[in-house]
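[1] quick one: sequence and predicted model below, then my questions.
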Amino acid sequence: MHAHKRDTSVPEAVRARAEELRKLLAYHAWRYYVLDDPEISDAAYDALYRELKELEERYPQLVTPDSPTQRVEPTPRSALRKVRHEVPQYSFDNVFSYEELSEWLQRLARLVQRETSLDPNGYQLCLEHKIDGLKVVLTYEDGRYVLGATRGDGVVGEDVTPNIKTIRSVPLQLLQPVRRLVVGGEVWMGKEEFQKVNEERKRAGMLPFANPRNAAAGSVRQLDPRETAKRQLDIFVYDIYLIEGHPFPATQAEELTLLRDLGFKTNPYWRMVRPVPEEVEAYYRHWLKQKDTLPYEADGIVLKVNEKEYQDALGYTAKAPRWAVAYKFPAQEATTVVEKIVLQVGRMGIVTPVAVLQPVRVGGVTVSRATLHNENYIRELDIREGDTVVVRRAGDVIPEIVHVIKELRPKGAKPFAMPEKVPGCGGDGSIVRKPGEAYWRCKDPHSFAVLRRRLHYIASKQVFDLRSIGPKTIDALLERGLVNSVADLFTLKEGDFASLPGFAEKKVRNALRELQRIREKGVPLERFLMALSIPHIGEEMARRLAVAFRSLDRFLSASPAELEEVEGIGPETVAAILKWRSDPKAQEELAALRRLIPVQLPAALQRGEGPLAGKTVVFTGALSHLTREEAKDLARRAGAHVADSVSRKTSVVVVGAEPGSKYRRARELGIPTISEDEFLRLVGVV
């Protein structure tokens, strides 16, 4: 109990020396790992490190989380906890050819001219490598590293703070004072390290990683930071999402320079160009030829509008920034044989042809199926069963056939033709294709196959989260005739589950409890809309509709003009909603579900109507009393929709210290601005 008494008082000279050593070691680590330009020898660095370690061992109170001696924490964790990002993490849209690049640049120019009041010739592009690694978000407070998280689904990620800490190029202490900083970057594993790790895994009898990206992700998501530390990971940081105590850079180029000055490792190969396809293509072609000489995997380049003022004005779609795009390098390709073509029925009743392939590895992944999109695609390429084909992973994700080697076509191979009927469509199995549509659909949109896919979706975590009622359970219920509609799922009794094979008493109780939770407590409006499987209404669109209309009745009675007022909804989506409303079977299902399941307010509005009901709020600048996430949460509780960029639909902008281009944009558009104190009074906090 008294062992630490001798350490309660640390001589001021010793404390100052320890702080000096920490700063010095941080600086020299930056010179070595980030700039690749060391000022002192390894032996000199080691001597400074040993001196600090000895001081910390003698005076344990000196140990700080950002000390270079604390990079590898010795205690494994039992699980990775979830963390909500302060700033949503969007992904990039992709282009794959010069033609698509040109179209994107033309669309960008139209957006600047039509949707902003900015000079249509006043912006440039910043080009960077697209690193094939794991996206992470790092948070610093008072210059010290406090949180590292994976991107996750863009809203919620996993806390990997101690694992990121083991990466030597990640600064534990910034080189310049910044009150608060949130940045994004890509953790990657070098090609040589990847080969070494896989050789070790093979010797240990373990499966090798498929590619460096998987290896980086697997290393970062270890429960034991000591295992992460064994891998030679690196990082490039490329975005600032939030900064307090320092002006926000006005351009992407200034942002990259500031990140480097703060101590982060940035990719050195970025370049500024005019927004014309020829200049972008020249950079792209250069690195397409040179990418194999890089120590890391790059799967393309990223184009970003350089000026932050333009970025803020252009804003975001539901999934991606309008001011940036990824121009992907051609995917790795392989040849294989089409064994057969089968038809797959989706939850919207669309019948999609799928090629069953002889398994082949493409880009480090074994591919045994490839989407054939639709009948037009098959006819255009003339794909037949038995053909030898070239397969690639489109966007390095979805396998697709891009070419048929007709010289190797077996004799007697017949052209593919869509059948008149598909057994999975139920009823008589008829399928239809309407004029102007590329897809065939089940004539009966409420067929067995569609119902099966819908129930799988409804039970999933993102919709109703019925953890005890997975796809196999749903299939068993359907096969036994215990469920014949979506509503039937919520009328099941104990005996229904007890009759299923492998359903023990505890599992029956859990399933009944989950269904009872839905029947009694209900679900937020956005999840109810998702469960209806209205064409074009996915998770993000359902959330926007829910926040806009706030109740199911208001959504059901909304006029086409009111629907089009919702951000991101176009004529095609409006037409799909109106068609769904006029479908008698869809309305019969809706009525049955409403009788069984209470529909709550949207999740963002469940705290009540609030003084900001129906308003769109944007925050800019450093807040004094709240973190940005706390402020957003207060706004949502008060009924507001919180946006990340200023547009004509913005109702009010909350302005903190050192506001950026969002403030200027608000002034230009005449949008009201209020201070943080006024905001707090408005939401009833003070």
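    Arrived safely, thanks for sending.
[2] just the CA atoms of the helix or strand hosting Ile474, as CSV, please.
    Here Ile474, judged by DSSP states H and E, is contained in helix 471-479. What follows is helix 471-479 as a C-alpha-only set of coordinates in CSV (Å, rounded to 0.1, in the frame of the first residue of the first chain):
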residue,chain,number,x,y,z
PRO,A,471,-32.9,-17.3,-42.8
LYS,A,472,-32.9,-21.1,-42.0
THR,A,473,-35.8,-20.6,-39.5
ILE,A,474,-37.7,-18.5,-42.0
ASP,A,475,-37.2,-21.1,-44.7
ALA,A,476,-38.5,-23.8,-42.4
LEU,A,477,-41.6,-21.8,-41.5
LEU,A,478,-42.3,-21.2,-45.1
GLU,A,479,-41.8,-24.8,-46.1
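[3] immediately after it, which helix or strand?
    Next element after helix 471-479 (DSSP H and E): helix 494-498.
[4] chain center to that following helix, what's the gap?
    How far helix 494-498 lies from its chain's middle: 39 Å, per CA atoms, centre = their mean, to the nearest Å.
[5] could you list the buried residues of the helix holding Ile474?
    By 16 or more other CB atoms under 10 Å, the buried positions in helix 471-479 come out as 473-474, 476-478. (Glycine included, C-beta is placed from N, CA and C.)
[6] what is whatever helix or strand Glu20 lives in packed up against?
    Using DSSP H and E, the element containing Glu20 is helix 12-29. The elements that helix 12-29 packs onto, with contact taken as 3 or more CB pairs under 8 Å, 6 or more residues apart in numbering; DSSP states H and E, are helix 42-58.
[7] name every strand pairing with the helix or strand following the helix it packs on and say which way it goes.
    Sequence order places strand 82-84 as the next helix or strand after helix 42-58, per DSSP H and E. Here strand 82-84 is paired, per DSSP bridges, with strand 156-158 (antiparallel).
[8] what residues are up against Thr257?
    With contact set as CB atoms under 8 Å, 6 or more residues apart in numbering, Thr257 has these partners: Pro249.
[9] show the pLDDT at it.
    According to the prediction, Thr257 has pLDDT 96.
[10] among the helices and strands of this protein, which has the poorest mean pLDDT?
    Every helix and strand of the chain was ranked by mean pLDDT, DSSP states H and E. The lowest is helix 628-637, at a mean of 77.
[11] C-terminal to it, what's the next element?
    Once the chain leaves helix 628-637, the next helix or strand it forms, by DSSP H and E, is strand 641-642.
[12] what's the following helix or strand past that following strand packed up against?
    As assigned by DSSP H and E, the chain's next helix or strand after strand 641-642 is strand 652-655. If contacts are counted by 3+ CB pairs under 8 Å, 6+ apart, strand 652-655 sits against strand 616-620, helix 661-669, strand 673-675, helix 676-682.
[13] can you list contacts of strand 652-655?
    Contacts of strand 652-655 (CB under 8 Å, 6+ apart): 615-621, 623, 631, 635, 646, 662-663, 666, 671-676, 679.
[14] low-scoring stretches of the stretch 101-250 of the chain, by residue?
    Residue ranges of the stretch 101-250 of the chain with pLDDT under 70: 207, 210.
[15] in it, which spans are strands?
    Assigned by DSSP state E, counting those that start in this stretch, the strands in the stretch 101-250 of the chain fall at 125-131, 134-141, 144-150, 156-158, 180-189, 233-244.
[16] check the stretch 251-400 of the chain too.
    For the stretch 251-400 of the chain, the strands defined by DSSP E, counting those that start in this stretch occupy 271-273, 298-305, 324-328, 333-345, 350-362, 365-371, 388-394, 398-404.
[17] output the ones you listed in TSV, with mean pLDDT and distance to Arg517 appended to each entry.
    Formatted as TSV, the strands of the stretch 251-400 of the chain follow (pLDDT from 0 to 100; distance: least, CB to CB, whole Å):
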stretch	mean pLDDT	distance to Arg517
strand 271-273	97	54
strand 298-305	95	43
strand 324-328	95	41
strand 333-345	87	30
strand 350-362	86	32
strand 365-371	81	36
strand 388-394	81	40
strand 398-404	82	35
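[18] make JSON lines out of those strands and add distance to Ala282.
    Converted to JSON lines, the strands of the stretch 251-400 of the chain look like this (distance: least, CB to CB, whole Å):
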{"stretch": "strand 271-273", "distance to Ala282": "8"}
{"stretch": "strand 298-305", "distance to Ala282": "11"}
{"stretch": "strand 324-328", "distance to Ala282": "12"}
{"stretch": "strand 333-345", "distance to Ala282": "24"}
{"stretch": "strand 350-362", "distance to Ala282": "29"}
{"stretch": "strand 365-371", "distance to Ala282": "31"}
{"stretch": "strand 388-394", "distance to Ala282": "24"}
{"stretch": "strand 398-404", "distance to Ala282": "25"}
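[19] output those in JSON lines, with mean neighbour count and distance to Val136 appended to each entry.
    Shown next, in JSON lines, are the strands of the stretch 251-400 of the chain (neighbours: other CB atoms under 10 Å; distance: least, CB to CB, whole Å):
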{"stretch": "strand 271-273", "mean neighbour count": "15", "distance to Val136": "24"}
{"stretch": "strand 298-305", "mean neighbour count": "23", "distance to Val136": "16"}
{"stretch": "strand 324-328", "mean neighbour count": "22", "distance to Val136": "18"}
{"stretch": "strand 333-345", "mean neighbour count": "17", "distance to Val136": "30"}
{"stretch": "strand 350-362", "mean neighbour count": "17", "distance to Val136": "27"}
{"stretch": "strand 365-371", "mean neighbour count": "16", "distance to Val136": "23"}
{"stretch": "strand 388-394", "mean neighbour count": "19", "distance to Val136": "23"}
{"stretch": "strand 398-404", "mean neighbour count": "18", "distance to Val136": "25"}
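[20] coming back round to it: give the buried residues for the helix holding Glu20.
    Buried residues in helix 12-29, counting neighbours by 16+ other CB under 10 Å, are found at 18, 21-22, 25-26, 28-29.
[21] so what's the closest residue to Pro68 other than its chain neighbours up against?
    Computed as CB to CB, 6 or more residues apart in numbering, the closest residue to Pro68 that is not its neighbour in sequence is Leu25, at 4.7 Å. Counting by CB under 8 Å, 6+ apart, Leu25 makes contact with 45, 48-49, 52, 68.
[22] by neighbours, which of those wins?
    Among these, Leu52 has the most neighbours (other CB atoms under 10 Å), with 22 neighbours.
[23] state the pLDDT value of that residue.
    88.
[24] do the one 3 residues further on as well
    We note a pLDDT of 89 for Leu55 in this prediction.
[25] neighbours around it, how many?
    So Leu55, with other CB under 10 Å, has 18 neighbours.
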